[in-house]
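**Student:** The amino acid sequence is not available; the structure is as follows:
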DNA sequence: AGCGGAAAATGATGCCTATCATATTCTGAG
DNA sequence: CTCAGAATATGATAGGCATCATTTTCCGCT
C-alpha cells in the first residue's frame, strides 16, 4: 500500500466538500466536473476513480451539506436552547442577511431542493434521509411536535429561497416578516 | 405587411408559454433553446428573432408563470373568499399532491427561485415585480396584513419545494403538516 | 399573377460538457 | 535504492449547447 491508508478517503472527502460549496452556490447542473475538481485541487479525469458519475456525488453532497446545516441550526451556541428561545435564536441566524448572501455554506433546502426534485431517485432518497434527520433534531427542540418542526422549516426555507431571488429591499422585508420578532436581528 | 399584424406577437407568446412549462418542469438551465422551440412548434434558429438571448426569455417567463399561479391562488373559484376561508381553500389547492406532481403549470417559486437567484439581475427584477404583485393579491385577502401574506407564501412554497425533493411518504407528511386543517384534502 | 418584405428554417461556429482509456507520478515496503 | 502498485494526470471522444449568418418560405398587397 504505497499511499497512506486513508489517502484516497481524504481526497474523496475533499471533493465532496468542494462540491457541496459549489453546488449550493452555483447549482448542481451549472457546476462542471472540471470546475469542482479544480476547486478540490485536482484535475478532472481523476473524478471517476472516486465516484461512478456526477449523480453519485450529489447524494454524498446532500449528506454533507445537511449535516453542516444541522450544525448551524442546532449547535454552535444553540445546544441548550428549547422551545421559543431556540426558535428565536435559530430563526435569527437562519433568516439573516448573512445566510441569504452565503448559500455556499448554508442550508441545502433553498439551494438544492428544486434540482434534486428533477434528478435521479438516489438524490431524492439522500435528500429524504437527510431532511428527516434534520426534522428529528428540530422536533426535539419543540417538545416532540413534529408537524410544528415541519412548518417551521418550510417557512424558513421558503423565505430564504424567495429572499435570494428578489432585490434587496423586498428580501429584507421577507426575512423580517418570517423572523421571530422578540429579539433584534443577529448582526 | 405580408403577415397578419399580430402573427409575430402570437408566436412570441407561444414560445413564452412553452418555455414557462419547460422551465418549471425541467429547470431553466436544463432546458435548451432547441427543445423549447421544438415544443413551441418551431425550429431553434428563429428564437433570436424574438428574444435577445435566453436570459431575456426568462424574465417574460416569470411574468407568465406568476400570473398563472396568481390565477390558481386567487381566482378559479376562490374569488369571493377572504380570511381563514380563503386560506383553507387556497391552501388545500396549493399543497395538494396534484400541485406537487405538476410543476409545469404550478407556482414558479419552488420551481424557479433558486435558479433566478443565480441568473442575471433582469430575471431577479422580474421575479421581484411578479412576487410583489402576488403578495399584494394575497394581502388583500388577509385584511391588509402583508407580513402574514409573506409568511403564508413562504410556508407554502417551502413545503412544496421540500415535498418535491423527497419520497412520497415524507412528501405527504410535509404537505399535510402545512395544510390548514379544517377541511379535507382537495381530490 | 407575382412581387416585396417579414417570419421562420437551415446549417455552421466554437465552446463546454461528461466520461473514459491511457500514461505518469508518487510513496511506503523490501 | 529500487520497485510495485495505487492515486492522480493527460488527452481524446462524442455529444450538446447558445448563438448567428444565410437561405427559404410565406402571405397580404398591387
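**Tutor:** Everything's here; your move. From a predicted model like this one, the values you see are computed outputs, not experimental measurements.
**Student:** for the helix or strand encompassing residue A:11, which positions count as buried?
**Tutor:** Following DSSP states H and E, the helix or strand that holds residue A:11 is helix A:7-26. Buried residues in helix A:7-26, counting neighbours by 16 or more other CB atoms under 10 Å in any protein chain shown, are found at A:11-12, A:14-26. Any C-beta I mention is one placed from the backbone N, CA and C, and that applies to glycine too.
**Student:** Looking at those, which is nearest residue A:149?
**Tutor:** Using CB to CB, residue A:24 comes nearest to residue A:149 of those, at 22.3 Å.
**Student:** residues from chain A in reach of DNA strand C?
**Tutor:** Taking CB under 7 Å from any atom of the strand, the part of chain A that reaches DNA strand C is made up of A:1-4, A:31-35, A:44-45, A:47-48, A:53-55.
**Student:** What is the nearest of those residues to residue B:140?
**Tutor:** Using CB to CB, the residues of chain A next to DNA strand C come closest to residue B:140 at residue A:31, 41.1 Å.
**Student:** how far away is the closest one from DNA strand D?
**Tutor:** The spacing between residue A:31 and DNA strand D, counted by CB to the nearest atom of the strand, to the nearest Å, is 15 Å.
**Student:** Now do that residue, the pLDDT please.
**Tutor:** In the predicted model, residue A:31 carries a pLDDT score of 98.
**Student:** What are the contacting residues of the helix holding residue A:11?
**Tutor:** A:31, A:35-37, A:39-42, A:47, A:50-51, A:57-58, A:60-61, A:64-65, A:68, A:103-106, A:108, A:111-112, B:118 (CB atoms under 8 Å, 6 or more residues apart in numbering or on different chains).
**Student:** hmm, it touching DNA strand D?
**Tutor:** Yes - on the criterion CB under 7 Å from any atom of the strand, helix A:7-26 is in touch with DNA strand D at A:7-8, A:11.
**Student:** between these, which is closest to residue B:88?
**Tutor:** Once CB to CB is applied, the member of the residues of helix A:7-26 next to DNA strand D that ends up nearest residue B:88 is residue A:11, at 53.4 Å.
**Student:** that older thread, now pLDDT too, for the residues of helix A:7-26 next to DNA strand D, in TSV please.
**Tutor:** Listed next are these as TSV, based on pLDDT from 0 to 100:
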residue	pLDDT
A:7	80
A:8	88
A:11	95
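**Student:** thinking residue A:179 is in contact with residue A:91, fair?
**Tutor:** Yes - using CB atoms under 8 Å, residue A:179 is in contact with residue A:91, at 5.4 Å.
**Student:** Neighbour count for those two, which is higher?
**Tutor:** Using other CB atoms under 10 Å in any protein chain shown, the more surrounded residue of residue A:179 and residue A:91 is residue A:91, with 23 against 20.
**Student:** could you measure residue A:168 against residue A:52, distance?
**Tutor:** Computed as CB to CB, to the nearest Å, the residue A:168 to residue A:52 distance reads 41 Å.
**Student:** Would you mind listing what in chain A touches DNA strand D?
**Tutor:** Of all the residues in chain A, those lying near DNA strand D are A:1-3, A:7-8, A:11, A:37, A:41-46, A:49-50, going by CB under 7 Å from any atom of the strand.
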